[in-house]
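**Student:** quick one: sequence and predicted model below, then my questions.
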Amino acid sequence: MSDELIQRVLKVVATSKRIPLETVTIDKEFQQLGIDSMDAVEILFALENEFDISIPDDDVRSVRNVRQMCAGVEKLVAAKSAGTAASQ
Amino acid sequence: MRRVAITGAGAICALGRNIDEFAASLREGRSGIGPIESTDMSQIRFQNGAEVRGYRHQPYFDDRRADFMDRFAQFAVIAAREAVAQAGVAWTPELCETAAIVTGSCVGGQSTEDIGFHEVYKLGHNRVHPLTIPKTMANAGASHISMEFGITGPSFTISTACSSAGHAIGQAYWMVRSGMTDLAITGGSEAPFSFGILKAWEAMRVVSPETCRPFSKDRKGMILGEGGGMLVLEPLEAARARGARIHAEIVGFGMSADACHITQPSAEGAARSMRAALRDAALAPEQIGYINAHGTATPANDPTETAAIRSVFGAHADRLAVSSTKSMHGHALGAAAALECLATMLALRDGVLPPTANFTEPDPDCDLDVIPNHARCAQVEYALSNSFAFGGLNAVLALRKAI
């Protein structure tokens, strides 16, 4: 995973949850950050806007921590650029 | 305090356009869920809903009258007409002046508003239709019912999300019980199938991509529904005296607030509203034989409701029949509690407990007797109808079989 992508995800989480950026690290579980299901839905909304992706419900059901979230975003961003490349 | 009878019932929803069709679908365990047809769904992740399929305002309303009514207000009047006709109400000037109307709605006429705002924001029109405000207001259902019958007594609307009609029926019940009014028309109506509203539900990620499977291990969320359900409530003695058919009695109403989280349910709050309904009805938990559950089929609601039922009923929870008819008529939001109160009334009246449809696999976290897939013949004397809203505002009605 690129550092740039991770930093953007961490920033989205911190901004949505309104917590200091330094408290959000890739090793944190959502539970440690106090992220409940409604917070998670808001973060997904913000990630979709930040990366211009659409995150399917099925992809998020098992996501419990920041690392899984970053991996999921990376996968969708890669799929999007592959799709863009294919259509060019 | 007076005993309160249900003397009239009306329904329009995905399961039918009148109370008999509604009852037949519940008995057969037939789900009204299918692809949403009234709205373009190409930009929405979920596709299914519980619509009043093929609904047109004709023959219910002439074109000019319909111009003034959002679909949700039309459903309110259609259900109220059936309930009033069935009750055989003789409208005297005195009754018109004192009868009450208490309706529930969650989104009101937001579909009308959605179209109007689309025209200004997206299409760049400079004007919104002048009837947008009177069609959108959540009390339009109550207002149109009052005009339909010339009722000039206390009339109002309660909006508590998914509990709206439960709070409305409970208020109307208390008004009749206390002697404040001798007749109440009460229930709820909803018509949430418009693009903006559906987009907002999509963003919450609580709507199932397939169907509604309450209490089932593989449940994937709720399915939105629409429709209207209305009841006529009268003092039992007066109803008997005039020879009216008594469908069931309402015997208790309980409310509570979770004071916890704006969307996540609380077992504690749900349990307190069930206990409050039992207390109001002066019933012991062991007297209840059936619960029409809130049962939305979201991951959070069903285990929470199960825990709440276990905490209120203890060992009796294993002898209770519990089902969620949302599996058939969908989650009709502000009309949900009205449709479910009617389903509970029919269960008591007809001795047939409606099933939880679309059930595939038991969930250890929802280990109740949920009447999977097939209705059950059973004579039950007392039943509860649960409604637990977003915002943590809960309403529970207690009903008794007419004897």
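**Tutor:** Perfect, I can see it now. These figures come from a predicted structure and were not determined experimentally.

**Student:** the helix or strand of chain A with the lowest mean pLDDT: which residues count as buried?
**Tutor:** Using mean pLDDT, DSSP states H and E, helix A:57-60 stands out as the lowest-scoring helix or strand of chain A, at a mean of 88. Of the residues in helix A:57-60, A:57, A:60 count as buried by neighbour count, 16 or more other CB atoms under 10 Å in any protein chain shown. C-beta: built from backbone N, CA, C; applies to glycine.

**Student:** quick one: residue A:45 is in a strand?
**Tutor:** No. Applying DSSP: H, G, I helix; E, B strand; the rest coil, one finds residue A:45 to be helix, outside a strand.

**Student:** my guess is it meets residue B:203, correct?
**Tutor:** Yes. Shown here, residue A:45 and residue B:203 form a contact pair, counting by CB atoms under 8 Å, at 6.0 Å.

**Student:** distance of residue B:25 relative to residue B:33?
**Tutor:** 11 Å (CB to CB, to the nearest Å).

**Student:** err, residue B:329, not the other one
**Tutor:** Distance from residue B:329 to residue B:33, by CB to CB: 9 Å.

**Student:** could you do residue B:14 as well?
**Tutor:** Computed with CB to CB, the distance linking residue B:14 and residue B:33 is 7 Å.

**Student:** overlap of the contact sets of those two?
**Tutor:** Common contacts of residue B:14 and residue B:33 (CB atoms under 8 Å, 6 or more residues apart in numbering or on different chains): B:50, B:328, B:330.

**Student:** so which of those is the closest to chain A?
**Tutor:** Chain A has its nearest neighbour among those in residue B:330, at 18.3 Å by CB to the nearest CB.

**Student:** what's around that closest one, how many residues?
**Tutor:** Neighbours of residue B:330 under the rule other CB atoms under 10 Å in any protein chain shown: 31.

**Student:** what's near enough to touch residue 57?
**Tutor:** You didn't pick a chain, so chain A it is. Residues near residue A:57 by CB under 8 Å, 6+ apart: B:45, B:205, B:209.

**Student:** that answer is for a different chain, and I need it for chain B
**Tutor:** In this structure, residue B:57 makes contact with B:63, B:66, B:69, B:74, judged by CB under 8 Å, 6+ apart.

**Student:** quick one: name the residues of chain A near chain B.
**Tutor:** A:36-38, A:41, A:44-45, A:56-58, A:60 (CB under 8 Å from any CB of the partner chain).

**Student:** PyMOL command to pick out the buried ones of these?
**Tutor:** This is the PyMOL syntax for the buried subset of these, where burial follows 16+ other CB under 10 Å:
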select buried, chain A and resi 37+41+44+45+57+60
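
**Student:** among the residues of chain A next to chain B, show me the least confident.
**Tutor:** pLDDT is lowest at residue A:58 among the residues of chain A next to chain B; the value there is 86.

**Student:** and that one, how far is that from residue B:213?
**Tutor:** For residue A:58 relative to residue B:213 (CB to CB), the value is 16 Å.

**Student:** quick one: low-confidence parts of chain A?
**Tutor:** Scanning chain A for pLDDT under 70 picks out A:87-88.

**Student:** mind checking the longest helix of it?
**Tutor:** helix A:66-87 (DSSP state H).

**Student:** could I have that helix exported to CSV, CA atoms only?
**Tutor:** Provided in CSV are the C-alpha atoms of helix A:66-87 (Å, rounded to 0.1, in the frame of the first residue of the first chain):
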residue,chain,number,x,y,z
VAL,A,66,-7.9,0.8,9.7
ARG,A,67,-5.6,-1.6,7.9
GLN,A,68,-8.5,-3.5,6.3
MET,A,69,-10.1,-0.2,5.4
CYS,A,70,-6.9,1.0,3.6
ALA,A,71,-6.6,-2.4,1.8
GLY,A,72,-10.2,-2.2,0.6
VAL,A,73,-9.8,1.4,-0.7
GLU,A,74,-6.5,0.4,-2.5
LYS,A,75,-8.3,-2.5,-4.2
LEU,A,76,-11.2,-0.2,-5.4
VAL,A,77,-8.8,2.6,-6.5
ALA,A,78,-6.8,0.0,-8.5
ALA,A,79,-9.9,-1.4,-10.1
LYS,A,80,-11.0,2.1,-11.0
SER,A,81,-7.7,3.0,-12.7
ALA,A,82,-7.7,-0.4,-14.5
GLY,A,83,-11.2,0.4,-15.7
THR,A,84,-10.1,3.8,-16.9
ALA,A,85,-7.0,2.4,-18.7
ALA,A,86,-9.1,-0.2,-20.4
SER,A,87,-11.6,2.3,-21.7
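
**Student:** list the helices and strands it packs on?
**Tutor:** helix A:3-17, helix A:37-51, helix A:57-60 (3 or more CB pairs under 8 Å, 6 or more residues apart in numbering or on different chains; DSSP states H and E).

**Student:** tell me which residues of the longest helix belonging to chain B come out buried.
**Tutor:** Looking across chain B with DSSP H, the single longest helix is helix B:71-87. Buried residues in helix B:71-87, counted by 16+ other CB under 10 Å: B:71-84, B:86-87.

**Student:** try stretch B:364-381
**Tutor:** B:366, B:368-372, B:375-376, B:380.

**Student:** what is the nearest of these to chain A?
**Tutor:** Distance to chain A, by CB to the nearest CB, is smallest for residue B:366 among those, at 17.6 Å.

**Student:** would you agree the closest one is in contact with residue B:304?
**Tutor:** No. Here residue B:366 does not reach residue B:304: they are 9.7 Å apart, not a contact under CB under 8 Å.

**Student:** who's in contact with residue B:61?
**Tutor:** B:69, B:74, B:77.

**Student:** against chain A, how distant is it?
**Tutor:** Residue B:61 sits 38 Å away from chain A, going by CB to the nearest CB, to the nearest Å.

**Student:** again with residue B:53
**Tutor:** Separation of residue B:53 from chain A (CB to the nearest CB): 26 Å.

**Student:** can you check residue B:67 too?
**Tutor:** 37 Å.

**Student:** what's the neighbour count on that residue?
**Tutor:** Using other CB under 10 Å, residue B:67 is surrounded by 12 other residues.

**Student:** ok, it - contacts?
**Tutor:** Counting by CB under 8 Å, 6+ apart, residue B:67 touches residue B:131.

**Student:** measure it to residue B:117 for me?
**Tutor:** Distance from residue B:67 to residue B:117, counting by CB to CB: 19 Å.

**Student:** residue B:233 too?
**Tutor:** Residue B:233 is 37 Å from residue B:117, by CB to CB.
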